[in-house]
Every structure is written in C-alpha cells, then in structure tokens.
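Undergrad: Need coordinates for the following:
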Amino acid sequence: MSQIKVTVTQEDIDNGVMGMADSCAIAQAIMREFTTTKVRVQPLTTVINGVYYKTSTRAKRFIERFDKVEVVKPSVFIFKTKIA
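TA: Numbering: from 1, shown residues only. Have a look, this model is predicted:
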C-alpha cells in the first residue's frame, strides 16, 4: 500500500474554503505540493488525480473543525492508497 504525506500550512488554512472538497485547507496543501488541481478531500476518501486515498481520522477531524470555523493549526497528514 502506498502513501503520501501532506503538510497543511497556515497559508493553506487562510486560503481554504469551508465546505468545499476541492478547495478546503487540505485540498490547498495537496494542490500546492503535487502541482495539480484534480483534488477532492472528503471525510472517507480523498481523490488526487484519479487515485483514491483513505482520509485518516485525524484529517477527518481537521476537516470537521475547519468547516465549523473552529481554530485549526498547521498539520501533517498521511494518506494511504485505498484498495477497491
């Protein structure tokens, strides 16, 4: 199983859009780190350029707090490829 590491910066948080799977803080970080615009970050699955990854519990909690306009801090997340 392969995995990727994504670092969410304060700039990603500031530029992220609440409730938007393709432009939330984590999506901003993925687009920046992997130079792509084909990203969807959802509570169970994250899709990057057509590859499905399992959204970790930590990332899911981060998304929930971000979408509720709660304070979130720069963080590092690991996403593992999801086997169908």
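
Undergrad: My read is that Tyr53 contacts Phe79, right?
TA: Yes. Counting by Cβ atoms under 8 Å, Phe79 is a contact partner of Tyr53 at 3.8 Å. Any C-beta I mention is one placed from the backbone N, CA and C, and that applies to glycine too.

Undergrad: Now do the shared contacts for these two.
TA: With contacts taken as Cβ atoms under 8 Å, 6 or more residues apart in numbering, the residues that reach both Tyr53 and Phe79 are Gln3, Ile4, Thr46.

Undergrad: dump the residue contacts of the first one.
TA: Residues counted as contacts of Gln3 (Cβ under 8 Å, 6+ apart) are Tyr53, Ile78, Phe79, Lys80, Thr81.

Undergrad: Tell me the secondary structure at the second one.
TA: State at Ile78, reduced to three classes by DSSP: H, G, I helix; E, B strand; the rest coil: strand.

Undergrad: so what's it bridging to?
TA: Note on Ile78: beta-bridge partners by DSSP bridges are Lys5.

Undergrad: burial of it, as a residue count?
TA: Applying other Cβ atoms under 10 Å, we find 13 residues neighbouring Ile78.

Undergrad: Then Thr45?
TA: Thr45 has 14 neighbouring residues, counting by other Cβ under 10 Å.

Undergrad: pretty sure it is touching Val51, no?
TA: No. Here Thr45 does not reach Val51: they are 10.5 Å apart, not a contact under Cβ under 8 Å.

Undergrad: Which secondary structure element is home to Arg40?
TA: Element membership for Arg40, per DSSP states H and E: strand 39-41.

Undergrad: Show me the helices in the protein, by range?
TA: In the chain, the helices defined using DSSP state H lie at 10-15, 25-34, 57-67.

Undergrad: contacting residues around the residue nearest in space to the middle of the chain?
TA: Centrality entry for the chain: nearest residue to the mean C-alpha point is Ile26, 3.0 Å, by Cα atoms, centre = their mean. Contact analysis of Ile26 by Cβ under 8 Å, 6+ apart lists Val6, Val8, Asp12, Gly16, Val41, Thr46, Ala59, Phe62, Ile63, Phe77.
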